[in-house]
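In: my questions are about this predicted structure, shown below with the sequence.
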Amino acid sequence: MSNPQKPRLILGSGSPRRLELLAQIGVVPDAVLPPDVDESVHAGELPRDYVKRIARAKVDAVAAEDAIVLCADTTVAAGRRIMGKPADVDEARAFLTLLSGRRHNVITAMAVKRGDRVWTRDVQTAVRMKRLSVAEMDAYLATDDWRGKAGGYAIQGPAGAFIPWLNGSFTGVVGLPLAEAATLLMAAGYPVYGDPR
Ligand SMILES: Cc1cn([C@H]2C[C@H](O)[C@@H](COP(=O)(O)OP(=O)(O)OP(=O)(O)O)O2)c(=O)[nH]c1=O
């Protein structure tokens, strides 16, 4: 039976990672509704402005009624360049070639809404990828693990072997920075780990 004190929570995301990350802190959404938004980048748009705009567009696109809705967007930024999910293996290779041996940022923006109120937060993590040999890149691309992942890699998969250093939030790189997500959910009145509200 559902708890009458607990508001309904909708995860507005088709990302299995986000569902798993929420489960890690004991948060199980009542529904999962992937939003349908145009994720194209505006001319001259900076990476942080872009992810914030898309996270907000996602939360606006999910019909909520009286539920709390959580949405997020993750992008990889190399300088001003925005790397979303690669369309195909050639684009994944092009992204990895740019990231190889360099430092980049992974930014995840989140938006939570309840009624007409919206709470937002974005978390940036600096990540260093080791210089990849042709053999390493070929082997990784053959795993298909890059599919659906911003920048063409996933730190939680085999590409973890390519990441010797990061500064920021590991869960933010995977797609949902948990400390900040918990704070947003509690601000909206959703009880996380024993929060009595
Ligand atoms: C960099 C990186 C990204 N990712 C994933 C997280 C996101 O799922 C994806 C970025 O795409 P997003 O557009 O943020 O999300 P999505 O399309 O998967 O889901 P939805 O829009 O429905 O919420 O990249 C990883 O899983 N690991 C990583 O290391």
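Out: Cool, got the structure. Residues are numbered from 1 along each chain as shown.

In: what parts of this protein come near the ligand?
Out: By Cβ under 6 Å from any ligand atom, the residues of the chain that approach the ligand are 13-15, 17, 34, 73-74, 76, 85, 106, 148-151, 153-156, 173-175. In this view, the C-beta of every residue, glycine as well, is placed from N, C-alpha and C.

In: only the buried subset of those, as a PyMOL command please.
Out: In PyMOL syntax, the buried subset of these is picked out as below (16 or more other Cβ atoms under 10 Å):
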select buried, resi 13+15+17+73+74+76+85+106+149+150+151+153+154+155+156+173+174+175
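
In: I'd say residue 103 and residue 131 touch.
Out: No. In this structure residue 103 lies outside contact range of residue 131 using Cβ atoms under 8 Å: 12.0 Å.

In: between those two, who's got more neighbours?
Out: Set residue 103 next to residue 131 and count neighbours by other Cβ atoms under 10 Å: residue 103 wins out with 13 against 9.

In: give the contact list for the more buried one.
Out: When contacts are counted by Cβ atoms under 8 Å, 6 or more residues apart in numbering, residue 103 is found next to 126, 127, 128.

In: please identify the buried residues of whichever helix or strand the first one is part of?
Out: Residue 126 is part of strand 117-128, with elements assigned from DSSP states H and E. Judged by neighbour count using 16+ other Cβ under 10 Å, the buried positions of strand 117-128 are 119, 121, 122, 123, 124, 125, 127.

In: skipping its backbone neighbours, what lies nearest the spatially most central residue of the chain in space?
Out: A centroid search over the chain (Cα atoms, centre = their mean) returns residue 175, at 2.6 Å, as the residue closest to the centre. What sits nearest to residue 175 in space, not counting adjacent residues and going by Cβ to Cβ, 6 or more residues apart in numbering, is residue 17, at 4.4 Å.

In: buried sites along the one helix or strand the one you found maps to?
Out: Using DSSP H and E, residue 17 sits within helix 16-24. Residues 17, 18, 19, 21, 22 are the ones in helix 16-24 that count as buried (16+ other Cβ under 10 Å).

In: please apply the same query to stretch 182-197.
Out: 182, 183, 184, 185, 186, 188, 190, 191, 192.

In: what helix or strand does residue 135 sit in?
Out: helix 134-143.

In: continuing past that helix, what's the next helix or strand?
Out: Next element after helix 134-143 (DSSP H and E): strand 165-167.

In: what are the contacting residues of the helix or strand that that next one is followed by?
Out: Per DSSP H and E, the first helix or strand lying C-terminal to strand 165-167 is helix 170-174. Outside of helix 170-174, the residues within contact range by Cβ under 8 Å, 6+ apart are 17, 21, 24, 74, 106, 108, 123-125, 127, 154-156, 166, 177-180.

In: switch to 6 Å and redo it
Out: With contact meaning Cβ atoms under 6 Å, 6 or more residues apart in numbering, helix 170-174 is reached by 17, 21, 106, 108, 123, 125, 155, 156, 177, 178.
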